[in-house]
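Engineer: please find the sequence and the predicted model below.
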Amino acid sequence: MTPSAESLAASLTAAKTRGLPPVHLWNPPFCGDLDMRIARDGTWFYQGTPIGRPGLVKLFSSILKKEDGKYFLVTPVEKVGITVDDAPFVAVDFEATGAGAEQTLRFETQVGDRMRAGPDNPIRVVRDAQTGEPSPYVLVRAELEALIDRKSFYRLVDLGVHHDDWFGVWSGGTFFRIIPSAELP
């Protein structure tokens, strides 16, 4: 049987899990690649067309798994490969409480996942080698990251402080580096 978005949705519905499904426990046979892509802006496409149903996107995002650098949608009975342009999620907002080393940052993704940045959900910033442009990420769960959107990154920078020759932010008792202090104007 050729994998399809419909068969994945049906399999997951049959599994009837509460909360996030235990995809880390599921190891079904690989059924092939699915013409599904997650764009850098967090838009999900199926057969070249954006998926317009937020509930369906949320359902698919709940069965996403990363193995050996590749992305899969996994149910108890099938595993299909998909394409992810950058990160599978986009952090579209965050809330900051506290200050300094006592600060806590809680992020939310475009599909409603929430996580507290800290040792278990680190923030990292990758800079483009040619342009120097930063791409900030926060770990959502099990090797799946969210690209922090531009407006949220600007807000993070506003909360930034200098620590050990780096400019960055605190969350959950951990300092996350953004850029060496010496490189700031």
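Structural biologist: Thanks, I have the structure now.
Engineer: switch to C-alpha atoms for all contacts and neighbour counts from now on
Structural biologist: Fine.
Engineer: for Val57, phi and psi?
Structural biologist: As for Val57, its main-chain torsions (degrees, to the nearest 10) stand at phi -60, psi -40.
Engineer: so it touches Phe45, yeah?
Structural biologist: No: using CA atoms under 8 Å, Val57 makes no contact with Phe45, being 9.4 Å away.
Engineer: tell me, what's touching those two both at once?
Structural biologist: Common contacts of Val57 and Phe45 (CA atoms under 8 Å, 6 or more residues apart in numbering): Ile51.
Engineer: which SSE is immediately downstream of the lowest-mean-pLDDT helix or strand in the chain?
Structural biologist: Here the helix or strand of the chain ranked lowest by mean pLDDT, DSSP states H and E is helix 5-15, holding a mean of 59. Downstream of helix 5-15, the next assigned helix or strand under DSSP states H and E is strand 30-38.
Engineer: contacts for the following helix or strand past that following strand, please.
Structural biologist: Remark: after strand 30-38, the chain's next helix or strand is strand 44-46, criterion DSSP H and E. Defining contact as CA under 8 Å, 6+ apart, one finds that strand 44-46 is touched by Ala5, Asp35, Met36, Arg37, Ile38, Ala39, Pro50, Ile51, Val57.
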